[in-house]
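J.: Sequence plus the predicted model coming up.
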Amino acid sequence: MDPVAFHIGNLPIRWYGILISSAIALGVIVAHRECKRQGINPDHILNLTIIVIPAAIIGARLYFVIFSGNLNYYLSNPGEILATWHGGLAIHGGLIAGVAAGYFYVRKYKLKFWEMADLFAPSIALGQAVGRWGNFFNQEAHGGPVSFDFISRFPEFIQEGMLIKGQYYHPTFLYESVWDFSVFLFLIFLRRKEIIKTGDIFLSYLALYSSGRFLIEGLRTDSLMLGPFRVAQLVSALVIIVSLFLIFKRHQKEGSRS
């Protein structure tokens, strides 16, 4: 499996970069169209993208560095903190930093946070679904060993990609990609329903994505650890609880006014 798609002169263009860029572009297109449908100035989508994406990359890297178990190494070699090309980005860190950056933007321009969060939520899920295929070409973020009988149920190119040093592995990148795309479709369906209120789309995204991530993380071999616990599972469990609590409380509050 060659992680390099092609070269421009001596510069290697990697599949991971192509897929992440494509994921961002698709997410922007979906959010831009929904923005116009709702009568919101679509310029905010481009402005938010310019602010949120760099913040998310920085957050994803710092999250990885902090929970990698090699913090002393990074502190002793600060140049390695910036070396994202050596691997090491964590989606939860990206989400935290991206949402924080977006919050400050919407506050500055007096936009409604929950409205903008709802608008971006399906785009985030779609972007994650596409971006996970970058892990496939890098042969990373996979699960534990599996037999040929198990992997033979998957298309041949998946089998080949999950054959690493003579051993087949769980294609956990595929599990998460399929889950994220299903979440994207559900959110598109959900936002057409009259029963929802502002904020439900984003909170549903958080709860649904985190539910899938919690389960899939248990299969992975590269988890960031906090003692005996997988950090992604701890964060996912917390996000699920908080998201469901907020949905319940906000609907309960609205119901008490009727």
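T.: Yep, it's here. Numbering: from 1, shown residues only.

J.: how about residue 231, what does it touch?
T.: 67, 92, 223-225 (Cβ atoms under 8 Å, 6 or more residues apart in numbering). The C-beta positions use only the backbone N, C-alpha and C, and glycine is treated the same way.

J.: count of residues packed around the residue nearest to residue 125 when sequence neighbours are not counted?
T.: Using Cβ to Cβ, 6 or more residues apart in numbering and skipping residues adjacent in sequence, the residue nearest residue 125 is residue 184, 4.0 Å away. Neighbourhood size, residue 184 [other Cβ atoms under 10 Å]: 26.

J.: cool, residue 209 as well?
T.: For residue 209, using other Cβ under 10 Å, the count is 26.

J.: try residue 139
T.: 16.

J.: If I follow the layout properly, it ends up in contact with residue 158?
T.: No - here residue 139 does not reach residue 158: they are 11.6 Å apart, not a contact under Cβ atoms under 8 Å.

J.: From the contacts of residue 231, list just the buried residues.
T.: 67, 92, 223-224 (16 or more other Cβ atoms under 10 Å).

J.: ok, which pair from those residues is furthest apart?
T.: Farthest-apart pair in the buried ones among the contacts of residue 231 is 92 and 223; separation 11.8 Å (Cβ to Cβ).

J.: Overlap in contacts, these two.
T.: 231-232.

J.: And the contacts of residue 231, which two are furthest apart?
T.: 92 and 225 (13.9 Å).

J.: Just the closest of the contacts of residue 231 to residue 125, please.
T.: Using Cβ to Cβ, those come closest to residue 125 at residue 92, 14.6 Å.

J.: which residues does the closest one contact?
T.: Neighbours of residue 92 in contact, by Cβ under 8 Å, 6+ apart: 63, 231-232, 235-236.

J.: All set now, cheers.
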